[in-house]
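Participant: Predicted model and sequence follow; I will ask about them next.
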Amino acid sequence: MKIIPLILMGCGGVGRQLLQHIVSCRSLHAKLGVHLRVVGVSDSKSLVIASDVNQKELDDKILTKVCKVKLDGSSLSKLTGVGECQVLSNSESRTKVIGIAALLGKSTGLALVDCSASSETIGVLKQGVDLGCCVVLANKKPLTSTLEDYDKLVSHPRCIRHESTVGAGLPVISSINRIISSGDPIHHIVGSLSGTLGYVMSEVEDGKPLSQVVKSAKSLGYTEPDPRDDLSGMDVARKALILARLLGRRIDLDSIRIESMYPEEMGPSKMSVEDFLDSGLVKLDNNIEERVRKASLNGNVLRYVCVIEGTRCEVGIQELPKNSALGRLRGSDNVLEIYTRCYCQQPLVIQGAGAGNDTTAAGVLADILDIQDLFP
């Protein structure tokens, strides 16, 4: 039986779903000859670890309790009386995780799984790499930090997986890696990588006002609590940066031209969420309506996409042919078109659900299993 010890950092929606997947897949994994031994789980305030990380684990009863505590909106510090485990405060957790990494990294092996949305994990991940740990990421921030941080994290390519940083569980990163490994040069990538903005742009195409569509998206749970977090394009820019760096581009986030869907005077520092939704959004309707009309006259549609071509890397609204994969996009799916020497006339198209805790967590779980051969 192949045993993979792991520490999960971040126990929000994706992290919690990952633990549920691990518990529910025990019999399947046993048939595959692999066991995921969860030795620690952390949130922003606390770390729960097995009483003996060398031999023991947080059993399924504890993991189920962890999920319940987090679903209730509580901190892991509230976890008591559930078995053989320790609960440490945030101030102690970093040192403890690095200690476990030093203990297990080059003996049994250890996977550091980052499902947080924080940049505070970067230091721990970098030290983990030096200590022989594998790294599995759903968190985009480590790979969109400085080039120095990026180079450290990817310095042992076999030991890092990050499929869920772009397109949730879609096989985006693995497909690009396979193309690169085959020697087929990638010339051009264009993709709709935000389920929220994909939904918004396909709905305004039908003639609905932007303000109405954004409010509808918010009520459906497609947007962040403040929709400007989606409309700013920053999330798409981070995904574009990950893809560009994968292709060898030595760029930072500030190298990417980002088109925000709202003006600076409607930014979070200038206008409250309520004011933006009540009076700001409606002022954007006419501009988008006119752009949709002009695109339609050209036989095109508008999509919010990332474009990577040569030294160009940008995200924003583009006119695209109606009959292209991106032009046909409806709803909240992600679509990526990859143009290479082999896929020059008809691109390689990857499409499917590109958001959601369930699909993202499934992608993380698949990544963990993908590194099993690195464990004794």
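Facilitator: Yep, that arrived.
Participant: Surely residue 38 is within a strand?
Facilitator: Yes: going by DSSP: H, G, I helix; E, B strand; the rest coil, the assignment for residue 38 places it inside a strand.
Participant: Help me confirm that it comes into contact with residue 15.
Facilitator: No: the pair residue 38 and residue 15 fails to qualify as a contact (Cβ atoms under 8 Å) at a distance of 11.1 Å. Placement of C-beta: from N, CA and C, glycine included.
Participant: what residues are shared contacts of those two?
Facilitator: Listed contacts common to residue 38 and residue 15 are residue 8; contacts here mean Cβ atoms under 8 Å, 6 or more residues apart in numbering.
Participant: quick one: residue 7 and residue 114 touch, right?
Facilitator: No: taking contact to mean Cβ under 8 Å, the distance of 9.5 Å between residue 7 and residue 114 leaves them out of contact.
Participant: For the closest residue to residue 189 other than its chain neighbours, give the beta-bridge partners.
Facilitator: Spatial nearest neighbour of residue 189, excluding adjacent residues (Cβ to Cβ, 6 or more residues apart in numbering): residue 308 at 4.4 Å. Partner residues in beta bridges with residue 308, using DSSP bridges, are residue 189, residue 313.
Participant: mind listing what residue 308 touches?
Facilitator: With the criterion set at Cβ under 8 Å, 6+ apart, residue 308 makes contact with 188, 189, 190, 240, 243, 244, 247, 249.
Participant: and the residues you listed, which two are the farthest apart?
Facilitator: The widest separation within these, taken as Cβ to Cβ, falls between 190 and 249 and amounts to 15.3 Å.
Participant: What subset of the contacts of residue 308 is buried?
Facilitator: Buried subset of those (neighbour count, 16 or more other Cβ atoms under 10 Å): 188, 189, 190, 240, 243, 244, 249.
Participant: ok, which stretches of the protein are strands?
Facilitator: Assigned by DSSP state E, the chain shows strands spanning 2-9, 34-42, 46-50, 85-89, 111-114, 134-137, 160-161, 186-192, 257-258, 300-309, 312-321, 333-340, 348-353.
Participant: quick one: strands adjacent to the second one?
Facilitator: Sheet partners assigned to strand 34-42 using DSSP bridges are listed as strand 2-9 (parallel), strand 46-50 (antiparallel).
Participant: Report the rounded mean pLDDT for the longest one.
Facilitator: Confidence over strand 2-9, taken as the mean pLDDT, stands at 98.
Participant: Please apply the same query to stretch 41-51.
Facilitator: Taken as a whole, stretch 41-51 has a mean pLDDT of 95.
Participant: How far does that stretch stretch from one end to the other?
Facilitator: 13 Å (Cα to Cα, to the nearest Å).
Participant: Equivalent analysis for stretch 313-333, please.
Facilitator: End residues of stretch 313-333 are separated by 22 Å (Cα to Cα).
Participant: next one: stretch 45-57
Facilitator: Distance between the boundary residues of stretch 45-57 (Cα to Cα) amounts to 21 Å.
Participant: Need the strands paired with strand 34-42 in a markdown table (columns: distance to residue 233).
Facilitator: Written out in a markdown table, the entries for the strands paired with strand 34-42 read as follows (distance: least, Cβ to Cβ, whole Å):
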| stretch | distance to residue 233 |
| --- | --- |
| strand 2-9 | 27 |
| strand 46-50 | 34 |
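Participant: These: which one's closest to residue 266?
Facilitator: In terms of Cβ to Cβ, the element of these nearest to residue 266 is strand 2-9, at 34.2 Å.
Participant: Just checking the distance from that closest one to the centre of its chain.
Facilitator: 20 Å (Cα atoms, centre = their mean, to the nearest Å).
Participant: picking that back up, distance check, the residue nearest to residue 189 against residue 200.
Facilitator: 22 Å (Cβ to Cβ, to the nearest Å).
Participant: one step back: could you redo the strands of the chain as CSV and give each row distance to residue 26?
Facilitator: Conversion of the strands of the chain to CSV gives the following (distance: least, Cβ to Cβ, whole Å):
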stretch, distance to residue 26
strand 2-9, 13
strand 34-42, 8
strand 46-50, 17
strand 85-89, 19
strand 111-114, 17
strand 134-137, 19
strand 160-161, 21
strand 186-192, 35
strand 257-258, 43
strand 300-309, 38
strand 312-321, 41
strand 333-340, 30
strand 348-353, 25
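Participant: tell me which strands and helices the helix or strand bottoming out on mean pLDDT in the chain is in contact with?
Facilitator: The weakest-scoring helix or strand in the chain, judged by mean pLDDT, DSSP states H and E, is strand 85-89 (a mean of 90). Contacting strand 85-89 under the criterion 3 or more Cβ pairs under 8 Å, 6 or more residues apart in numbering; DSSP states H and E are the following elements: strand 46-50.
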